[in-house]
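**Student:** pasting the structure only:
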């Protein structure tokens, strides 16, 4: 078993001329009450579990930045904390500690974890978009594809039906869903088509920030390739920033400008994706890279 570094790795950005669209500092998520032992940053845990009180430290003091038009990759094995981190960023879970600043909300002045639930919903509905690994979390499977996209717009306060239909059709065409299928429910679609409807829904309010959590897991290789090509095309055409989570370093290598490697809830390595691929420093990252060769 690879032992992670006990000192969290600070994340430095490389796009120094651009203010980040998203900045997160010291985000932690615990499941359990914690104790004086595991409250010490130097405490040695059994992977991410406190040997004294049994508290699970799912995310441990993670910091990151995302810059305009950038794709940040987060890679790690199952249980590394990457999906829990994503859930905290999208307000699906409350972090135990942490600070998150969003440029499109209050100019980045407010810690978005401390604002009201109403303000957090505003950020979710208008500034963020989410594509879940399981489409059943992101879509209403018995509603039409067009209605799924409209739901996100309604949450953001749109009431013009004509506008919602037009916007929905534009997005379905963008993600290559035939308009003759616009009234079909996602349950009638393949896994790859369901993910593309999720992406269309996430884009409905033109958010500057997209989160994508294991969007290619379980898809055939040819379908994966089409979804990945779509993600890159959206970045080129719309300039949207993204955080992409995957256990597959091949996916991250294709998509991400910079990469964060997580293990047992901590960031153990970070840097330009090419740099990590060519010269991995941590033993766990070396295992990931060499597994691709």
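**Tutor:** Arrived safely. Just so it is clear, the structure is predicted and the values come from calculations on it, not from any experiment.

**Student:** buried set for stretch 282-293?
**Tutor:** 282, 284-285, 288-289 (16 or more other CB atoms under 10 Å). Glycine gets a C-beta too; all of them are placed from N, C-alpha and C.

**Student:** for that stretch, the averaged confidence score.
**Tutor:** Stretch 282-293 comes out with an average pLDDT of 88.

**Student:** stretch 117-133 now?
**Tutor:** On average, stretch 117-133 scores 95.

**Student:** name the residues that touch it?
**Tutor:** By CB atoms under 8 Å, 6 or more residues apart in numbering, the residues outside stretch 117-133 that reach it are 83, 89-91, 102, 104-105, 112, 138, 152, 155-156, 195, 198-199, 201-205, 207-215, 217.

**Student:** for the stretch 101-250 of the chain, which segments count as strands?
**Tutor:** Assigned by DSSP state E, counting those that start in this stretch, the strands in the stretch 101-250 of the chain fall at 128-131, 209-213, 241-246.

**Student:** quick one: closest of those to residue 63.
**Tutor:** Residue 63 sits nearest to strand 241-246 of all the strands of the stretch 101-250 of the chain, at 13.3 Å, using CB to CB.

**Student:** any idea which residue sits dead centre in the chain?
**Tutor:** residue 211 (3.4 Å; CA atoms, centre = their mean).

**Student:** isn't that one up against residue 89?
**Tutor:** Yes: Residue 211 lies in contact with residue 89 (CB atoms under 8 Å); the separation is 6.3 Å.

**Student:** if we can go back for a sec, right, and the strands of the stretch 101-250 of the chain - which one's nearest residue 162?
**Tutor:** Of the strands of the stretch 101-250 of the chain, nearest to residue 162 by CB to CB is strand 128-131, at 22.6 Å.

**Student:** that closest one pairs with which strands, and in what direction?
**Tutor:** Counting by DSSP bridges, the strands paired with strand 128-131 are strand 209-213 (parallel).

**Student:** quick one on the thing from earlier: any of the contacts of stretch 117-133 buried? List them.
**Tutor:** Using 16+ other CB under 10 Å, the buried members of these are 83, 89-91, 102, 105, 112, 138, 152, 156, 195, 198-199, 201-205, 207-215.

**Student:** contact partners for the spatially closest residue to residue 220 that is not a sequence neighbour?
**Tutor:** Using CB to CB, 6 or more residues apart in numbering and skipping residues adjacent in sequence, the residue nearest residue 220 is residue 192, 7.7 Å away. By CB under 8 Å, 6+ apart, the contact set of residue 192 is 219-220, 223-224, 226-227.
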